[in-house]
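A.B. asks: no letters, just coordinates:
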């Protein structure tokens, strides 16, 4: 493991971190994070815990790729079976274990942070804690799968990105990452418990040919596009391809209206994609910059495409900072209203009256729109009538 860690540090795709773990008595974690876009994406090399040598590698949620290149040529490996699950549009939270003085500690991270946290603009940790406090199945599931780090999705109208969800806040188990070697297991291959929440299952294909898999892939993509005609209800699907022991490979499948690679050919990046990627930048870093947004865009778009979109990128970045701060403040006060017995789905007027104590009168129209939209009481298309 030491040789592997040193190997990673020889690349440019690592960044150092030092942070406290608020889930475990503020243990101080120090080390490096890998950003190489493969199975090591978001992986941690922890060198010290509480300033004591404690080297260990933590595998995270790997980078998902399309099964084709930018020219549209498919490159399928030899596959024994494919299982198809919904791809959810929210914030990825990984539950992982680290060892300190012979004891295992469970904590949580987003894709490119060592520990999930709240910042000035986002409240991922608060939403995660809120959900776990009301849903004990997450801890039970983690305990039932000690050999795996578990990848979850935190999604819903209170964590809005692109897809419109009716549920306020929900968590689904996505897959497991085996701690010793980063091998992937789809959700139904793990030790499941009662009340576990999973994405929608779309079926399986046994021993497909590469030609039939490409045909099926394009049929699925067309079907999703049809369902998204009125609004964005489906973000995509994930194909778990069994390529032999010990692992599965994951491929993403997105409808054409969301698929970034196809848009790249237009010469400019659409506003919807810029907004979605900007929100993801806040998930990945505590205090992201417009340069961090451009780094994420480089994963999907050529530099000349980004250069052509630079004016739009700057405008979207200014919007994202203002939007994320307002949504964070609204969600904090919404949670406070909830603790004080107010339920916007049952008594809208009383809830808004409570919230008006914390926002200027001039902001209440925006506050109301955010709350009602996230509560499913106002639809996006209704707002523009």
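C.D. replies: Perfect, I can see it now. Not measured: the values here are computed from a predicted model. Numbers count the residues shown, from 1 in each chain.

A.B. asks: ok, residue 137 touching residue 193?
C.D. replies: Yes: in this structure, residue 137 is within contact of residue 193 by CB atoms under 8 Å, at 6.2 Å. For every residue, glycine as well, the C-beta is placed using N, CA and C.

A.B. asks: tell me who's in contact with residue 39.
C.D. replies: Shown in contact with residue 39 (CB atoms under 8 Å, 6 or more residues apart in numbering): 59, 62, 63, 182.

A.B. asks: between those, which is nearest residue 85?
C.D. replies: Using CB to CB, residue 62 is the member of those that sits closest to residue 85, with 15.4 Å.

A.B. asks: could you look up the SS state of residue 88?
C.D. replies: Assigned by DSSP: H, G, I helix; E, B strand; the rest coil, the conformation of residue 88 is coil.

A.B. asks: in the stretch 251-385 of the chain, where is pLDDT below threshold?
C.D. replies: For the stretch 251-385 of the chain, the stretches flagged by pLDDT under 70 are 257-267, 376-385.

A.B. asks: helices along that one, start to end?
C.D. replies: Assigned by DSSP state H, counting those that start in this stretch, the stretch 251-385 of the chain shows helices spanning 260-264, 271-284, 290-297, 303-308, 310-339, 348-355, 364-374, 380-383.

A.B. asks: ditto for the stretch 1-150 of the chain
C.D. replies: Taking DSSP H, counting those that start in this stretch, the helices of the stretch 1-150 of the chain run over residues 2-9, 124-134, 137-144.

A.B. asks: which one of those helices lies closest to residue 333?
C.D. replies: For the helices of the stretch 1-150 of the chain, proximity to residue 333 was assessed by CB to CB; helix 124-134 is nearest, at 12.0 Å.

A.B. asks: contacting residues around that closest one?
C.D. replies: Applying CB under 8 Å, 6+ apart, the set of residues contacting helix 124-134 is 22, 91, 93, 108, 110, 116-118, 138-139, 154, 158-159, 169-171, 283, 331-332, 335.

A.B. asks: which of these count as buried?
C.D. replies: The neighbour count (16 or more other CB atoms under 10 Å) marks 22, 91, 93, 108, 110, 116-118, 138, 154, 158-159, 169-171, 283, 331 as buried among the contacts of helix 124-134.

A.B. asks: can you tell me which of those residues are in strands?
C.D. replies: Taking DSSP state E as the definition of strands, these contribute 91, 93, 108, 154, 170, 171.

A.B. asks: enumerate the beta-bridge partners assigned to the last one.
C.D. replies: Note on residue 171: beta-bridge partners residue 154, judged by DSSP bridges.

A.B. asks: residue 187 reaches residue 174, doesn't it?
C.D. replies: Yes: Residue 187 is in contact with residue 174 according to CB under 8 Å; the separation is 6.5 Å.

A.B. asks: the two - which one has more neighbours?
C.D. replies: When neighbours are counted by other CB atoms under 10 Å, residue 187 and residue 174 differ, and residue 174 comes out ahead with 25 against 21.

A.B. asks: contact partners for that one?
C.D. replies: Counting by CB under 8 Å, 6+ apart, residue 174 touches 61, 85, 88, 92, 151, 152, 153, 187, 199, 238.

A.B. asks: buried subset of those as a ChimeraX selection?
C.D. replies: Only the buried entries of those go into this ChimeraX selection, using 16+ other CB under 10 Å:
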select :61,85,88,92,151,152,153,187,199,238
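
A.B. asks: dump the contacts of residue 174 into JSON lines; add pLDDT and distance to residue 125 as well.
C.D. replies: Shown next, in JSON lines, are those (pLDDT from 0 to 100; distance: CB to CB, whole Å):
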{"residue": "61", "pLDDT": "94", "distance to residue 125": "17"}
{"residue": "85", "pLDDT": "95", "distance to residue 125": "26"}
{"residue": "88", "pLDDT": "92", "distance to residue 125": "19"}
{"residue": "92", "pLDDT": "95", "distance to residue 125": "14"}
{"residue": "151", "pLDDT": "98", "distance to residue 125": "17"}
{"residue": "152", "pLDDT": "98", "distance to residue 125": "14"}
{"residue": "153", "pLDDT": "97", "distance to residue 125": "16"}
{"residue": "187", "pLDDT": "96", "distance to residue 125": "24"}
{"residue": "199", "pLDDT": "96", "distance to residue 125": "23"}
{"residue": "238", "pLDDT": "95", "distance to residue 125": "25"}
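
A.B. asks: so which of the contacts of residue 174 sit within strands?
C.D. replies: Under the assignment DSSP E, the contacts of residue 174 contribute 85, 92, 151, 152, 153, 238 to strands.
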